[in-house]
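Asker: Provided below are the primary sequence and the corresponding predicted coordinates.
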Amino acid sequence: MTNENFFILSTIIGLIILIAGFSGINYKLNKRLENDERIIARLDMLINSNKQQNSKKY
């Protein structure tokens, strides 16, 4: 294998590893976003039910 072929091969492998790393980070961020959205929805439900309870008292 010549130096030129080795350089091309190592560059391609490096790009594949880089793309795999970014897609893994993207996957984790998407899962975290879904989880955060669920938490926000629960908090909204709690706030709304608390507002309704407070409005019934008065």
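Answerer: On my side now, so go ahead.

Asker: center of this structure, which residue is that?
Answerer: Centroid-nearest residue in the chain, with C-alpha atoms, centre = their mean: Leu29, separated by 1.3 Å.

Asker: that one sits in which helix or strand?
Answerer: Using DSSP states H and E, Leu29 maps to helix 3-57.

Asker: pLDDT averaged over that helix, what's the number?
Answerer: For helix 3-57, mean pLDDT is 93.

Asker: tell me how far that helix is from the chain's mean position?
Answerer: 1 Å (C-alpha atoms, centre = their mean, to the nearest Å).

Asker: how about stretch 50-58?
Answerer: How far stretch 50-58 lies from its chain's middle: 37 Å, per C-alpha atoms, centre = their mean.

Asker: which of the residues in that stretch are buried?
Answerer: Within stretch 50-58, not a single residue qualifies as buried, counting by 16 or more other C-beta atoms under 10 Å. All C-beta atoms are positioned from the backbone trio N, CA, C, and that covers glycine.

Asker: just the CA atoms of that stretch, as CSV, please.
Answerer: The C-alpha coordinates for stretch 50-58 follow below in CSV (Å, rounded to 0.1, in the frame of the first residue of the first chain):
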residue,chain,number,x,y,z
ASN,A,50,-53.6,23.9,40.6
LYS,A,51,-55.0,27.0,38.9
GLN,A,52,-58.4,25.3,38.6
GLN,A,53,-58.3,24.3,42.3
ASN,A,54,-57.4,27.8,43.4
SER,A,55,-60.2,29.3,41.3
LYS,A,56,-62.8,27.0,42.9
LYS,A,57,-61.8,28.1,46.4
TYR,A,58,-62.7,31.7,45.8
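
Asker: contact partners of that stretch?
Answerer: For stretch 50-58, contacts defined as C-beta atoms under 8 Å, 6 or more residues apart in numbering pick out no residues.

Asker: residues contacting Asn48?
Answerer: Asn48 neighbours (C-beta under 8 Å, 6+ apart): none.

Asker: for it, give its distance to Ile40.
Answerer: Computed as C-beta to C-beta, to the nearest Å, the Asn48 to Ile40 distance reads 12 Å.

Asker: same deal with Gly24?
Answerer: Separation of Gly24 from Ile40 (C-beta to C-beta) stands at 25 Å.
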